[in-house]
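>>> the following comprises the amino acid sequence and a computationally predicted model.
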Amino acid sequence: MGSLWHGFADMGAVERDGAFVVARGEGAYIWDEAGNRYFDATAGLWFANVGHGRREIADAVAEQLSRLAHYSNFGDLAAPVTRDLAERLAGLAPVPGSKIFFTSGGSDSIDTAAKLARRYWHELGKPGKSIIVGRRLAYHGMHVAGTALSGLAPNREGYGELMADARTIEWNDAKALLALIEDIGAERIAAFFCEPIIGAGGIYLPPEGYLNEVRRICRDHDILFVADEVVTGFGRIGGSWFASTRFGLEPDLMTTAKGLTSGYLPMGAVFIAPHVAEPFFAEGVWWRHGYTYGGHAGSAAAAMANLDIIERESLLDASAQLETALHEYLSPLAEHPRVAEVRSGLGAVAAIQLVDPAEAPAMVKSLRTHGISARAAGAGALQISPPFVTTDTQLTELATAVSRALG
């Protein structure tokens with residue numbers, strides 16, 4: 001019996017069957033301890049956008065760690081690389097003039113946005129605006145606010161009421177947000193959290209016009225719109241740095257992580273529109289919030305090198321091509337009797353929804369025998385979200401392997 005407690009795991013089954021140990025990676029492939037190679041169909045956990053084994057990033061981190069590993073960013077403190085990264089991200093922001101608040105990852109970013117949204121209304125003399133709203137099937141991480149917002153019931157079970165001022169609405173109907181506003185009043189709602197593409201809940205693409213409609217509703221009713229781009233940010237949407245840019249959402253707050261460093265080191269960032277930041281930049285105002293490793297200097301160096309690669313190798317364009325290619329290669333699988341549907345065509349993501357959701361864990365293991373590392377998401381979907389450096393040859397491998405595993 002090992003000592004490692006895995007996240008999101010049936011530990012009894014892991015203890016019985018053993019772990020799948022990933023020993024190394026290069027490009028879009030990973031290898032296990034025995035030297036077997038697998039196509040990484042999920043880019044780790046949505047994050048390895050530039051692929052594995054990028055020595056350029058490792059060297060940038062090593063150089064930074066040898067000079068200064070990290071120092072607190074509290075008060076007036078900052079490391080040069082962290083300051084420079086903030087300026088670079090502000091230049092990419094969907095809303096010009098945005099401020100950047102660094103975190104240690106996606107769950108941190110969500111909790112930061114939830115606290116900031118409520119504190120913002122307090123600063124404006126409207127403390128009654130405290131309710132935060134999420135959608136069914138949405139994930140939003142596993143800290144207290146993210147768990148309370150989760151639209152995945154199993155993620156909330158057994159914890160009691162973590163946060164009273166949280167509500168969940170239907171994921172694909174803008175009228176559901178209007179109905180909630182009419183029911184409890186806009187004067188009580190602080191923010192609406194929205195994944196442009198629902199990720200861990202099963203990879204569900206937004207209905208045509210949905211994102212712009214809920215954004216308009218939030219603007220019309222003085223509710224902060226929070227774009228959760230932990231998955232879609234930094235190119236995963238296909239062709240743009242962010243879904244908020246692609247769809248012109250102009251979010252009040254935007255949460256990010258994963259693709260910021262391509263997973264080479266943990267890091268997240270919250271993008272804060274100027275009007276939301278303004279009350280906190282008046283002298284004498286303190287926002288008592290922050291993380292020991294927020295803006296970690298080594299992580300910032302990884303992010304800078306990662307962004308360099310994305311720009312130099314035109315990986316946003318590659319992501320746009322991958323968006324089209326995934327649809328082309330995987331949509332025919334919808335004809336298989338064990339497949340209910342294939343959700344693809346927006347972003348460098350796809351879901352192969354099985355008719356019998358209970359088959360998903362076994363299908364993940366079967367795919368490994370065919371040289372594919374995949375993951376189950378939502379209710380019986382196979383998550384497909386490969387690195388941006390994926391080739392057509394590798395997509396052929398993927399589609400062929402899935403077809404064989406389906407039998």
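The structure has been received and is ready for your questions.
>>> which phi and psi values does residue 88 adopt?
phi -70, psi -40 (degrees, to the nearest 10).
>>> distance check, residue 179 against residue 170.
Going from residue 179 to residue 170 by C-beta to C-beta, to the nearest Å gives 9 Å. C-beta coordinates here come from the backbone N, C-alpha and C atoms, glycine included.
>>> can you tell me the closest non-neighbouring residue to residue 402?
residue 333 (6.1 Å; C-beta to C-beta, 6 or more residues apart in numbering).
>>> please name the residues that touch the one you found.
339, 342, 352, 399, 402, 403, 406 (C-beta atoms under 8 Å, 6 or more residues apart in numbering).
>>> packing partners for the least confident helix or strand in the chain by mean pLDDT?
The helix or strand of the chain with the poorest confidence is helix 153-156; it has a mean of 88 (mean pLDDT, DSSP states H and E). Where contact means 3 or more C-beta pairs under 8 Å, 6 or more residues apart in numbering; DSSP states H and E, helix 153-156 is packed against helix 144-149.
>>> pull the longest helix from this protein.
helix 106-123 (DSSP state H).
>>> and the gap between residue 161 and residue 11?
Taken as C-beta to C-beta, the span from residue 161 to residue 11 is 26 Å.
>>> and residue 1, what's its pLDDT?
Residue 1 carries a pLDDT value of 66.
>>> tell me the contacts of residue 136?
Contacts for residue 136 (C-beta under 8 Å, 6+ apart) come out as 151, 168, 169, 170, 171.
>>> the second one - how many residues pack around it?
Residue 168: 20 surrounding residues under other C-beta atoms under 10 Å.
>>> which helices and strands sit right next to the helix or strand hosting it?
Applying DSSP states H and E as the criterion places residue 168 in strand 166-169. Identification of packing neighbours for strand 166-169 by 3+ C-beta pairs under 8 Å, 6+ apart yields strand 131-135, helix 144-149, helix 174-184.
>>> got those as TSV, with distance to residue 221 columns?
Shown next, in TSV, are these (distance: least, C-beta to C-beta, whole Å):
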stretch	distance to residue 221
strand 131-135	11
helix 144-149	19
helix 174-184	5
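>>> ok, and which of those has the densest surroundings?
Mean neighbours per residue, mean count of other C-beta atoms under 10 Å, is largest over those for strand 131-135, with a mean of 26.
>>> residues contacting that strand, please?
Defining contact as C-beta under 8 Å, 6+ apart, one finds that strand 131-135 is touched by 114, 117-118, 140, 145, 148-151, 163, 165-171, 177, 180, 184, 188-195, 198, 223.
>>> for ChimeraX, write the selection for the buried entries among those.
To isolate the buried ones among these in ChimeraX, judged by 16 or more other C-beta atoms under 10 Å, type:
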select :114,117,118,140,145,148,149,150,151,165,166,167,168,169,171,177,180,188,189,190,191,192,193,194,195,198,223
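>>> which stretches of the stretch 251-400 of the chain form helices?
Secondary structure of the stretch 251-400 of the chain, counting by DSSP state H, counting those that start in this stretch: helices at 274-277, 297-312, 315-330, 360-369, 392-406.
>>> which helices and strands does the last one pack with?
In other words, helix 392-406. Using 3+ C-beta pairs under 8 Å, 6+ apart: helix 392-406 touches strand 37-40, helix 315-330, helix 360-369, strand 372-373.
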